[in-house]
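Chemist: Just to be clear, the model below is a prediction. Sequence and coordinates:
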Amino acid sequence: DTGVSQDPRHKITKRGQNVTFRCDPISEHNRLYWYRQTLGQGPEFLTYFQNEAQLEKSRLLSDRFSAERPKGSFSTLEIQRTEQGDSAMYLCASRLDSSRHYGYTFGSGTRLTVV
Amino acid sequence: AQTVTQSQPEMSVQEAETVTLSCTYDTSENNYYLFWYKQPPSRQMILVIRQEAYKQQNATENRFSVNFQKAAKSFSLKISDSQLGDTAMYFCAFLTYNNNDMRFGAGTRLTVKP
């Protein structure tokens, strides 16, 4: 297991289309996070899972956004009816329950461009 | 509100020199962790160094060290003997014991010049 994997690396979509991103965390990590990073800014928290349970959602996560983590393994983030303002880097991170003090391990991100 | 402020959007340093990146944060919590992450261009964010708030001793990791001033809520990063590979965005981040929402600053773009 080489780290947190995200797919695709880049996605260009037309406004109004739906997109789905995938994140595969480090296998033994039961906590999984989604962040959004816009140009020139730090990452902003979107949502978090403990195993398969989605325990927290940011107000940034509008009704057009949905995230799942079936069986507590990989996670998907779907954006419906994309808008130009959704253009950003979407980062996934994971950690063990007991390793809060080590911070999170991040993936390389999915860069979304809405045209 | 819990916020992280990085007041230096961009910095540059000559190779082999020392540079310090500043970070301040605001929280009413007493127990938390502080982190510096490095994000090279088009590459993933990696942890550089971390500090637990209850520890008074400043963390060090090879050429990287921090100056943690809890009363002032300041957490600066010092990079000694800067290398070209240190060129990246650096983010200061903060995580309390009770939250799952790691807060990040806006970042400092560091350029190491040959």
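Modeler: Arrived safely. Numbering: from 1, shown residues only, chains lettered A, B, ... in the order given.
Chemist: what's near enough to touch residue B:13?
Modeler: Residue B:13 is in contact with B:19, B:79, B:82, B:110, B:111, B:112, B:113, counting by Cβ atoms under 8 Å, 6 or more residues apart in numbering or on different chains. The way it works is simple: take the backbone N, C-alpha and C, and place the C-beta from them, glycine included.
Chemist: what does residue B:96 give?
Modeler: If you count contacts by Cβ under 8 Å, 6+ apart, residue B:96 has them with B:2, B:27, B:29, B:31, B:32, B:33.
Chemist: now, which of those residues lie within strands?
Modeler: Counted as lying in strands by DSSP state E, out of the contacts of residue B:96, are B:32, B:33.
Chemist: and chain A, which of the contacts of residue B:96 reach it?
Modeler: When these are filtered against chain A using Cβ under 8 Å from any Cβ of the partner chain, the residues retained are residue B:33.
Chemist: so where's the chain uncertain?
Modeler: No chain was given, so I picked chain A. Applying pLDDT under 70 to the predicted model, the residue ranges of chain A that meet it are A:1.
Chemist: for the residue of it at minimum distance from chain B, what are its contacts?
Modeler: Across chain A, no residue is closer to chain B than residue A:42, which sits at 3.2 Å (Cβ to the nearest Cβ). Remark: with contacts taken as Cβ under 8 Å, 6+ apart, residue A:42 is in contact with B:4, B:6, B:91, B:93, B:104, B:105, B:106, B:107.
Chemist: could you redo the last one with a cut-off of 6 Å?
Modeler: For residue A:42, the contacting residues are B:91, B:104, B:105, B:106, B:107, by Cβ atoms under 6 Å, 6 or more residues apart in numbering or on different chains.
Chemist: And for residue A:46?
Modeler: Applying Cβ under 6 Å, 6+ apart, the residues near residue A:46 are A:34, A:36, A:58, A:60, A:61.
Chemist: Only whichever of the residues you listed are buried, select them in PyMOL.
Modeler: This is how PyMOL selects the buried members of the contacts of residue A:46, with burial counted by 16 or more other Cβ atoms under 10 Å in any protein chain shown:
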select buried, chain A and resi 34+36+58+61
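Chemist: Strands of chain A, residue ranges please.
Modeler: Residue ranges of the strands in chain A, as given by DSSP E, are A:5-7, A:10-13, A:19-24, A:31-37, A:44-50, A:53-57, A:65-68, A:75-79, A:88-95, A:105-106, A:110-114.
Chemist: Figure out which of those is closest to residue B:74.
Modeler: Using Cβ to Cβ as the criterion, the shortest distance between residue B:74 and the strands of chain A is 22.8 Å, found for strand A:44-50.
Chemist: if we can go back for a sec, not counting residues beside it along the chain, what's closest to the residue of chain A closest to chain B?
Modeler: If the residues on either side of it in the chain are set aside, residue A:42 comes closest to residue B:104, at 3.2 Å by Cβ to Cβ, 6 or more residues apart in numbering or on different chains.
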